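# show me the folded form of this:
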Amino acid sequence: MNKAFEVLLTILALAGMYCAIPNKISPVGTTVRAQQEVMIADGSDPMPLCRRGHCRPIGK
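Next up is the predicted model:
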C-alpha cells in the first residue's frame with residue numbers, strides 16, 4: 001500500500017512537471033523590454049488639486 005501510494009505521487013509529480021513546460025517556444029531575438037521614463041519635478045507645474053491654495057504645505 002505504501003509503495004503504491006509512493007508510485008502514484010511520483011506519477012502525479014511528473015505529470016505536474018510535464019504540464020509546467022511551456023508549449024510554445026518563442027523565437028530567438030524576441031524579448032520584452034520595460035520602458036523607463038524619468039520625470040523631473042522643477043516646481044513649475046504643481047498638482048492640479050493643489051492649485052489656488054487648496055493644499056497646505058507638509059509640516060505646517
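# now do the same for residue 6: its pLDDT.
Per-residue confidence at residue 6 stands at 95 (pLDDT).
# please identify the helix or strand for it.
helix 2-20 (DSSP states H and E).
# where in this structure is pLDDT low?
25-34, 36, 38-60 (pLDDT under 70).
# do you know how far residue 18 is from residue 2?
Counting by C-beta to C-beta, to the nearest Å, the gap from residue 18 to residue 2 is 25 Å. For glycine as for every other residue, the C-beta is placed from the backbone atoms N, C-alpha and C.
# same deal with residue 19?
For residue 19 relative to residue 2 (C-beta to C-beta), the value is 26 Å.
# then residue 15?
Distance, residue 15 to residue 2, by C-beta to C-beta: 21 Å.
# neighbour count winner among these two?
Comparing residue 15 with residue 2 by other C-beta atoms under 10 Å, the one with more neighbours is residue 15, at 10 against 6.
# residue 37: what secondary structure?
coil (DSSP: H, G, I helix; E, B strand; the rest coil).
# what's the burial count for it?
Around residue 37 there are 4 residues (other C-beta under 10 Å).
# check contacts around it.
Contact analysis of residue 37 by C-beta atoms under 8 Å, 6 or more residues apart in numbering lists nothing.
# residue 20: neighbour count?
7.
# give me the distance between it and residue 13.
For residue 20 relative to residue 13 (C-beta to C-beta), the value is 11 Å.
# who touches both of the two?
Common neighbours of residue 20 and residue 13 (C-beta under 8 Å, 6+ apart) do not exist.
# about what we covered before: export the helix holding residue 6 as CSV, just CAs?
Output of helix 2-20 as CSV, limited to C-alpha atoms (Å, rounded to 0.1, in the frame of the first residue of the first chain):
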residue,chain,number,x,y,z
ASN,A,2,2.8,2.4,0.9
LYS,A,3,4.7,1.6,-2.3
ALA,A,4,1.6,2.1,-4.4
PHE,A,5,1.0,5.5,-2.8
GLU,A,6,4.6,6.5,-3.5
VAL,A,7,4.4,5.5,-7.2
LEU,A,8,1.1,7.4,-7.5
LEU,A,9,2.7,10.5,-6.0
THR,A,10,5.7,10.2,-8.3
ILE,A,11,3.4,9.9,-11.4
LEU,A,12,1.4,12.9,-10.2
ALA,A,13,4.6,14.9,-9.7
LEU,A,14,6.0,14.0,-13.2
ALA,A,15,2.6,14.9,-14.8
GLY,A,16,2.7,18.3,-13.0
MET,A,17,6.3,19.0,-14.2
TYR,A,18,5.3,18.0,-17.7
CYS,A,19,2.3,20.4,-17.7
ALA,A,20,4.6,23.2,-16.4
